[in-house]
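K.L.:
quick check, what structure comes out for this input:
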Amino acid sequence: MTEAFSTNADPASGGSTLEKDSLENRQVPYVDLQQQYKDEEKEVLPLIREALATGHWVGGRAVEEFEQEIAAYTGTSDAVALGSGTDALILALRVLNIGAGDEVITAPNSFISTASAIVQVGATPIFADVLEDQNIDPNAVKNAITNRTKAILPVHLTGRVADMLRLKEIAAAHQLYLVEDAAQAIGSRRDGEMAGAIGDLGCFSAHPLKNLNASGDAGFITTSNPELAQRLRRMRNNGLADRSTALEWGVVTRLDSIQAALLNYRLKRLPQVIEQRRKNANLYRELLSSDKLLSYVKPPLCQPNELNTYHTFVVQCSQRDALKDFLSDSGVGTSIHYPKPIHLQPAASALGHGPGEFPIAEAQCSRILSLPIHQFLSEADIRYVVRAITRFYERMGRGTTETFSSPSTAARYTSGSQQEHAVSRSCTSRPIS
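P.N.:
Okay, here's the model as predicted:
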């Protein structure tokens, strides 16, 4: 039995006693796009006027510049701008001629669009369970391969790159395509490789909630295969080689010049955005690192071989729903990414899956909680969030012995776990060059 939470420990305030109902009245939004606009207003409004003045409102110079800059940023030869991250996934599969009768292996704990894209091209999503870091398990991927498998579609969930070294080996051994769902991972790295430059194609979203965000829907594909890039540019524009000649059936998913102008501006600021998010994650991890708090809340770890850009900061916690409600009542916005795995969604019923098939992903869905991590948080905001979490478990600890538990990792997050957290702190403190 785990010792009940002590009411004398307050890691967020340097160990001082937390008196009853001492939380101040503070609002900490989960996202703060209004603040982003305030910070950018004087610089982005002229860019929007300039884009409108060109008369090229779809495509044009701003889009071409964005494609060149994002290819250079990711270390690929080409980038193809599109209307959304979902369109990026769909076109990536289509350009590889994946369709009816094919299977694509992916994770069950992503946003619905990952599996939906597979279905949209006529293929079948085959799910493989995930690891404790929420990314797809290469061993599970290997076991899911059949003679119908055409591609592996790992998701770099939360901004952490999946184990691409292993996945590349598996894909090469079985002659499979490797397509990255990097929607949440712009700028992330693992083993020295950049998200979007590791597989055959990298699929990104620039939705307003992403670290590199447009002010509307937007997405793009990265690749170092010029032939695929050329075909993708044709496919995004009705399959047209020129205005009079359609070489194949395509779609319309083009980036407009205003969004391209905004993305060009924000790409230059992205290193600072990532740096601040990583600093925020580091502070969270320090404040959540007491042994007794770790019995209830498991912060995400960061390994030395990876650079996590923290699109989300996802903790795994006991009594998740009650904690979420308590934080909301305390003025702290949170989210859940995602509360129900894809294979248990009503839309996936025809795939024939049931509860228990992917136990790690399903268990995580019941205890994950995304805390505010955006770049506009102050240190006081983060300390307030952790004080609110501490207060919740103080109250609950008086009447319950329920704690966070995961048989394969529990020992790493109770007493004696400080060495691993020291590794994690040093990881988030590394420069992002």
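K.L.:
correct me, but T74 touches M194?
P.N.:
Yes - counting by C-beta atoms under 8 Å, T74 touches M194, with 5.3 Å between them. Every residue, glycine included, has its C-beta placed from N, CA and C.
K.L.:
between these two, tell me which one has more neighbours.
P.N.:
Neighbours of T74 and M194, each counted by other C-beta atoms under 10 Å, are more numerous for T74; the result is 24 against 21.
K.L.:
that one and L267: what is the separation?
P.N.:
For T74, the distance to L267 equals 11 Å [C-beta to C-beta, to the nearest Å].
K.L.:
again with L377
P.N.:
L377 sits at a distance of 22 Å from L267 (criterion: C-beta to C-beta).
K.L.:
now do A350
P.N.:
40 Å.
K.L.:
just D102 next, same as before
P.N.:
34 Å.
K.L.:
which residues touch the nearest residue to Q276 once chain neighbours are set aside?
P.N.:
Closest residue to Q276 apart from its sequence neighbours, by C-beta to C-beta, 6 or more residues apart in numbering: Q375 at 4.0 Å. Neighbour list for Q375: 272-273, 276-277, 280 [criterion: C-beta atoms under 8 Å, 6 or more residues apart in numbering].
K.L.:
for this structure, give me the ranges with low pLDDT.
P.N.:
Within the chain, the segments meeting pLDDT under 70 span 1-23, 398-433.
K.L.:
now do the SS call for L369.
P.N.:
strand (DSSP: H, G, I helix; E, B strand; the rest coil).
K.L.:
would you agree it is in contact with T312?
P.N.:
No - counting by C-beta under 8 Å, L369 sits too far from T312 to count as a contact (10.0 Å).
K.L.:
related to what we said a few turns ago, ok, A350 and L267, which is more surrounded?
P.N.:
Using other C-beta under 10 Å as the criterion, A350 and L267 rank with L267 on top: 20 against 9.
K.L.:
distance of the more buried one relative to R189?
P.N.:
L267 sits 17 Å away from R189, going by C-beta to C-beta.
K.L.:
next, C317: phi, psi?
P.N.:
Backbone geometry at C317, expressed as degrees, to the nearest 10, gives phi -140, psi 160.
K.L.:
hey, what's it bridged with?
P.N.:
With DSSP bridges as the criterion, C317 is bridged to V297.
K.L.:
who's in contact with it?
P.N.:
296-298, 323, 367, 369, 404.
K.L.:
as CSV, those residues with distance to A162 and neighbour count would be great.
P.N.:
Listed next are the contacts of C317 as CSV, based on distance: C-beta to C-beta, whole Å; neighbours: other C-beta atoms under 10 Å:
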residue, distance to A162, neighbour count
Y296, 28, 25
V297, 24, 26
K298, 19, 25
L323, 28, 22
R367, 21, 21
L369, 22, 21
F404, 24, 22
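K.L.:
how about those, which pair is most distant?
P.N.:
When C-beta to C-beta is used, the two most widely separated members of the contacts of C317 are K298 and L323, lying 12.6 Å apart.
K.L.:
strands of the stretch 201-350 of the chain, residue ranges please.
P.N.:
201-205, 219-223, 240-242, 245-246, 297-298, 306-307, 313-317 (DSSP state E, counting those that start in this stretch).
K.L.:
now those in CSV, with distance to G331?
P.N.:
Listed next are these as CSV, based on distance: least, C-beta to C-beta, whole Å:
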stretch, distance to G331
strand 201-205, 29
strand 219-223, 33
strand 240-242, 52
strand 245-246, 54
strand 297-298, 19
strand 306-307, 32
strand 313-317, 18
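K.L.:
biggest helix in this protein by residues?
P.N.:
Of all the segments of type helix in the chain, defined by DSSP state H, the longest one is helix 257-287.
K.L.:
tilt between that one and strand 219-223?
P.N.:
Inter-element angle recorded for helix 257-287 and strand 219-223: 80 degrees (by axes from the mean of the first three to the mean of the last three C-alpha atoms, to 10 degrees).
K.L.:
next, the buried residues of helix 257-287.
P.N.:
257-264, 266-267, 270, 273-274, 276-287 (16 or more other C-beta atoms under 10 Å).
K.L.:
so what's E306 bridging to?
P.N.:
Taking DSSP bridges as the rule, E306 bridges to R190.
K.L.:
now do the same contact list for the closest residue in space to A185 that isn't next to it in sequence.
P.N.:
Distance criterion C-beta to C-beta, 6+ apart; nearest residue to A185, sequence neighbours excluded, is H156 at 3.6 Å. If you count contacts by C-beta under 8 Å, 6+ apart, H156 has them with 135, 162, 180-185, 188, 195.
K.L.:
helices - which of those land there?
P.N.:
Secondary structure from DSSP H places none of these in helices.
K.L.:
what helices or strands is the longest helix of the chain leaning on?
P.N.:
Applying 3 or more C-beta pairs under 8 Å, 6 or more residues apart in numbering; DSSP states H and E, we find helix 257-287 packed against helix 33-54, helix 61-74, strand 313-317, helix 379-397, helix 418-428.
K.L.:
next, the angle from the fourth one to strand 313-317.
P.N.:
For the pair helix 379-397 and strand 313-317, the angle between their directions (the same axes, to 10 degrees) equals 10 degrees.
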